[in-house]
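Asker: predicted model and sequence below, questions to follow.
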Amino acid sequence: MPSKSALQTSCPACGASDAKLEFFQMQIPYFGEVMESVLLCSRCGYRNADVVVLEEREPARYTLRIESAEDMYARVIRSSRASIEVPELGVEVTPGSEAEGFVSNVEGVLLRIEEAVRIAGRWAESGKARERARELLRQINEIRTGKRRATLIITDPTGNSAILSEKAKKEVLHEDITGKQKGAQHH
Ligand SMILES: [Zn+2]
């Protein structure tokens, strides 16, 4: 069971002094202690979530070949600093200011991508873009049901992210790569 604690803090969006910051601490098998934090402001509705691993981790990239519906259950920890890529879909989620950290599984990651594609499709101006969104949704569904293979790549220069599967490949990032990523974020 995750242990939970909460405190009051000021809201970074509207400055209200009674925003609530909640912490959920949990032990993830074969990985370690993880703390999820959620900041909620009842005045303006601001919400921010993140994940921190409570031990020293190295900057790393995890790659998982998704080959069956069983791969959907592999645990995924994504901090707000990590990028998510599914090259076969041409999808790359880069860590922006709105990026949220979460503890989920591969299916949860695909559902988040699906939701983003659905929203993008709804706002698309051209018929071609809407058609592309429909095609992506079809492909995501095939990946989820094990009918299509894909690769999930999570890269985190802070080392606070991971894909927990025996099949996942972990590469420790060298300093030049992390340096480049940090540099790129300032632009
Ligand atoms: Zn607020």
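Answerer: Arrived safely, thanks for sending.

Asker: count of neighbours near Ala150?
Answerer: Residues near Ala150, counting by other C-beta atoms under 10 Å, number 21. All C-beta atoms are positioned from the backbone trio N, CA, C, and that covers glycine.

Asker: and the pLDDT at it?
Answerer: Note for Ala150: predicted pLDDT of 98.

Asker: same question, His186
Answerer: 41.

Asker: tell me how far Ala16 lies from the ion.
Answerer: 5 Å (C-beta to the ion, to the nearest Å).

Asker: and that residue, what are its phi and psi?
Answerer: Here is the backbone geometry of Ala16 (degrees, to the nearest 10): phi -60, psi 140.

Asker: pretty sure it contacts Gly45?
Answerer: No - if you go by C-beta atoms under 8 Å, Ala16 and Gly45 don't touch, sitting 10.8 Å apart.

Asker: those two: who's more crowded?
Answerer: More crowded of Ala16 and Gly45, by other C-beta under 10 Å: Ala16, with 14 against 10.

Asker: list the contacts for the more buried one?
Answerer: For Ala16, the contacting residues are Ser10, Cys41, Ser42, Arg43, Cys44, by C-beta atoms under 8 Å, 6 or more residues apart in numbering.
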